[in-house]
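What would the 3D arrangement of this be:
(chains A, B, C and D)
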2 protein chains.
Amino acid sequence: MKNQNTKIRIKDIATLAGVSEGTVDRVLHNRGEVSEKSKAAVEKVLEEINYSPNLLARSLASKKYYRFICLIPAHQVADYWESVEKGFDSAAHDYLQYNIHLEKQYFNQFDANSFVNVSSQTIQNKPDAVFIAPIFRDETLNFTSELTLRQIPFSFIDSMIEEADFLTYYGQDSFQSGYVAAKLLLNSLPDNAQVVVIRTKRKGAESNQTIARKNGFMHFISENGLSNIELLDIEMNDNDENVNLELLREAFGLNSNIKAAITFNSKVCRLAMHLKTLNRPDVRLIGYDLLEENVKYLKNDVVSYLLAQRPDQQAYFTVRDMCTELIFKQKVKKINHVPIDILMKENIEDYMQFRE
Amino acid sequence: MKNQNTKIRIKDIATLAGVSEGTVDRVLHNRGEVSEKSKAAVEKVLEEINYSPNLLARSLASKKYYRFICLIPAHQVADYWESVEKGFDSAAHDYLQYNIHLEKQYFNQFDANSFVNVSSQTIQNKPDAVFIAPIFRDETLNFTSELTLRQIPFSFIDSMIEEADFLTYYGQDSFQSGYVAAKLLLNSLPDNAQVVVIRTKRKGAESNQTIARKNGFMHFISENGLSNIELLDIEMNDNDENVNLELLREAFGLNSNIKAAITFNSKVCRLAMHLKTLNRPDVRLIGYDLLEENVKYLKNDVVSYLLAQRPDQQAYFTVRDMCTELIFKQKVKKINHVPIDILMKENIEDYMQFRE
DNA sequence: TGTATCTTCGTGGGCGAACACGGAACATCA
DNA sequence: TGATGTTCCGTGTTCGCCCACGAAGATACA
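Predicted structure coming up:
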């Protein structure tokens, strides 16, 4: 069906157009020094046939060397960002043959200044493309406008800022994932049940993602007229787990009717830990992301569901799409909402062992 | 970290070992005509450095032409096998550059003879590798032993036969997916609820996959002591939908207490259609696979959950792994259980639009 | 008409690996 | 000693594409 294009080489085009290979090459790469006449001849042939260059030969011959830089938060071993990084590494490995080199730059996700430092360093390094986890909105916008000015393409990972002129974004539809969480959590709860909603702020401000998830969650409630469900908003402390335990002990006191709880960030394991201490296996628990600890509590039956995505895959695709655009000159899709994966004890094993 | 291996070429090895490129090549490919002395010299260098050949250059230069044949059921447009085929096509496209050509052979999934015919044709074609959907157990075993005899590697897709000497298998853990289905279907059903289990036989025999799913389903029931749930086994007719409608009308009669229903094959849409006719929106419904019709009823709220896999991805990976083994000479994983994807109205959109 | 400048385009030498070919070195036999 | 056969190994060509170099042709000006 489409194998006729396999055999067409630049040489063939040259013959058909009655010019030399060099001329075809110049036309293909738009680098001038071609008379109108020969250009027209080549373009006519190109229109008639379906030429697709042999990418192997191209990158073998090409001496161009691409430098990609990705800016992600520094992190612990079993963290969400660890998976993202794995995806980048894997892409780096696969695309090495195409003369692509990927460097990683880490910033402190609790300190906007560190992001600013790293981003200005990146500019000085004159990369061919940049990948950004836009944790800090304003600082990221400053950075991306600078990139746009210098015509350096960039993509977002994990979340996005719509106004910026990015190439791609891979990530979950956070609103929708909050909606899904609500459906799973609130499905057939007894009347007048109470539900605990945990909040944790990152340096004073909640992240866009957790806000969007919560909005989706609330939307489900209002859309389904579940006003009889009482929500308890608890703000957890980022440093002192003893404080958190006491907060929860109080909330789950004798006269409470709490049947379910949820966190909108990836740290449901902390909540699970405390509920285990408080011995409340009857409380249905939902959280996000496959941190090692979270998975442990899922397998333990403390957490009922985890909503997940494949951060490694997202990172991989982000790199792949940049190559597709820059090297293979093909258009890619801008906004890519990845599936909202629903994990429970029974399907987590296959999910985790199945890599890419 | 690992970029030192980028730069080492055969030429470099030759210089280091004090021999010519040709000799290194002969050692690398183990094709003799090399004295013990030079062989030892080359191997010594190879041990010290970490040579990995440039795959681009290799397949550019190599004139070897691989022919892969895949045997899958002939099918309708919106069928499960349509997705499988898409995955094969996509892989064929991506691997064309490596001189790989993929041919498809269709057989009638309701007629073992047609499989036998197609498989003997395949043998005569002397392919370099074969992919098989092993619908017919005995006939497939005959075929694969013939392939093994002729040293033609093969992989299974969709389901597998353990005794055969296959390279890879991609597919769901059917038992586990039945277990998951049970958990979703039976979760917080009222006491004494009745549950309908639909069966459809393929030419007299149920497929391995549906049997395994049902076993997983039953296992959940016995493991969780749900003996108060009454199962109604209904066998549906493959040809006449009117008969099926009447069967169901009878079962869902006035004095029934049916709260849920499930089919273990991919045709839950038929059940959904009839339940819609019978106007029973209260019945919870679960099925398998993303056929267009199934998705329609999921979005309609007639079906509550669909359990899915990514058949196209499985086909793609099957081809990819064969290339990895044959061309790149690297080991691949034999049995690959793909994730059991849980789809509901709220997460189906992102899932479907996210390709590959 | 000769010289200088600019535009246009063909040729050739790579990229790294595969493989065919044939030459050199050595052994064997008449 | 010369003819013939074996074993071993270096060289050259090819894959399709990229790009530098410089030649040829066109144009302008003295």
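
Quick check: what element follows the helix or strand hosting residue A:121 along the chain?
According to DSSP states H and E, residue A:121 maps onto helix A:112-124. Next helix or strand after helix A:112-124 toward the C-terminus (DSSP H and E): strand A:129-132.

Contacts only, for residue A:331.
residue A:325 (C-beta atoms under 8 Å, 6 or more residues apart in numbering or on different chains). For glycine as for every other residue, the C-beta is placed from the backbone atoms N, C-alpha and C.

Could you check how far it is from DNA strand D?
Going from residue A:331 to DNA strand D by C-beta to the nearest atom of the strand, to the nearest Å gives 18 Å.

Just read off the phi/psi values of that residue.
Dihedral pair for residue A:331: phi -80, psi 140, per degrees, to the nearest 10.

cool, and residue A:261?
Phi and psi for residue A:261, reported as degrees, to the nearest 10, are phi -150, psi 150.

Which residues are in contact with it?
Under the criterion of C-beta under 8 Å, 6+ apart, the neighbours of residue A:261 are A:195-198, A:271, A:275, A:283-286.

Which of the three states applies to residue A:337?
Following DSSP: H, G, I helix; E, B strand; the rest coil, residue A:337 is assigned to strand.

which residues sit in contact with it?
Contact analysis of residue A:337 by C-beta under 8 Å, 6+ apart lists A:171-173, A:176, B:350, B:353-354.

Can you give me the pLDDT of it?
Here, the pLDDT recorded for residue A:337 equals 85.

does it have beta-bridge partners, and which?
With DSSP bridges applied, residue A:337 shows beta-bridge pairing to residue A:171.

ok, and the closest non-adjacent residue to the residue in the stretch 1-150 of chain A positioned nearest to chain B?
As assessed by C-beta to the nearest C-beta, chain B sits closest to residue A:56 within the stretch 1-150 of chain A, at 4.3 Å. Spatial nearest neighbour of residue A:56, excluding adjacent residues (C-beta to C-beta, 6 or more residues apart in numbering or on different chains): residue B:56 at 4.3 Å.

surely the one you found meets residue A:59?
Yes. With contacts counted by C-beta atoms under 8 Å, residue B:56 reaches residue A:59, the gap being 6.0 Å.

which residues are common contacts for those two?
The contact sets of residue B:56 and residue A:59 overlap at residue A:97 (C-beta under 8 Å, 6+ apart).

Could you export stretch A:286-300 as CSV, CA atoms only?
Only the C-alpha atoms of stretch A:286-300 are listed here, as CSV (Å, rounded to 0.1, in the frame of the first residue of the first chain):
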residue,chain,number,x,y,z
ILE,A,286,-8.1,7.1,47.3
GLY,A,287,-4.9,8.8,46.3
TYR,A,288,-2.7,9.6,43.3
ASP,A,289,0.5,8.2,41.7
LEU,A,290,2.4,5.1,42.1
LEU,A,291,4.9,6.0,44.8
GLU,A,292,6.4,2.9,46.4
GLU,A,293,4.7,3.6,49.7
ASN,A,294,1.4,4.2,48.0
VAL,A,295,1.6,0.9,46.3
LYS,A,296,2.4,-0.8,49.5
TYR,A,297,-0.7,0.5,51.2
LEU,A,298,-2.8,-0.4,48.1
LYS,A,299,-1.6,-4.0,48.3
ASN,A,300,-2.3,-3.9,52.1
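
Tell me the buried residues in that stretch?
Residues A:286-291, A:293-295, A:297-298 are the ones in stretch A:286-300 that count as buried (16 or more other C-beta atoms under 10 Å in any protein chain shown).

hang on, the earlier thing: now pLDDT too, for the contacts of residue A:337, in TSV please.
Shown next, in TSV, are the contacts of residue A:337 (pLDDT from 0 to 100):
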residue	pLDDT
A:171	89
A:172	87
A:173	87
A:176	87
B:350	84
B:353	80
B:354	75
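
residues of the helix or strand containing residue A:84 that come out buried?
In the assignment (DSSP H and E), residue A:84 maps to helix A:80-95. Neighbour-count burial for helix A:80-95 flags A:80-92, A:95 (criterion: 16+ other C-beta under 10 Å).

okay if I get those as CSV plus distance to residue A:236 and pLDDT?
Below are the buried residues of helix A:80-95 laid out as CSV (distance: C-beta to C-beta, whole Å; pLDDT from 0 to 100):
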residue, distance to residue A:236, pLDDT
A:80, 18, 86
A:81, 20, 91
A:82, 22, 91
A:83, 23, 90
A:84, 24, 93
A:85, 26, 94
A:86, 28, 92
A:87, 29, 93
A:88, 30, 94
A:89, 32, 92
A:90, 34, 88
A:91, 35, 88
A:92, 36, 88
A:95, 41, 83
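
Could you turn the buried ones of the contacts of residue A:337 into a PyMOL selection?
Only the buried entries of the contacts of residue A:337 go into this PyMOL selection, using 16+ other C-beta under 10 Å:
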select buried, (chain A and resi 171+172+173+176) or (chain B and resi 350+354)
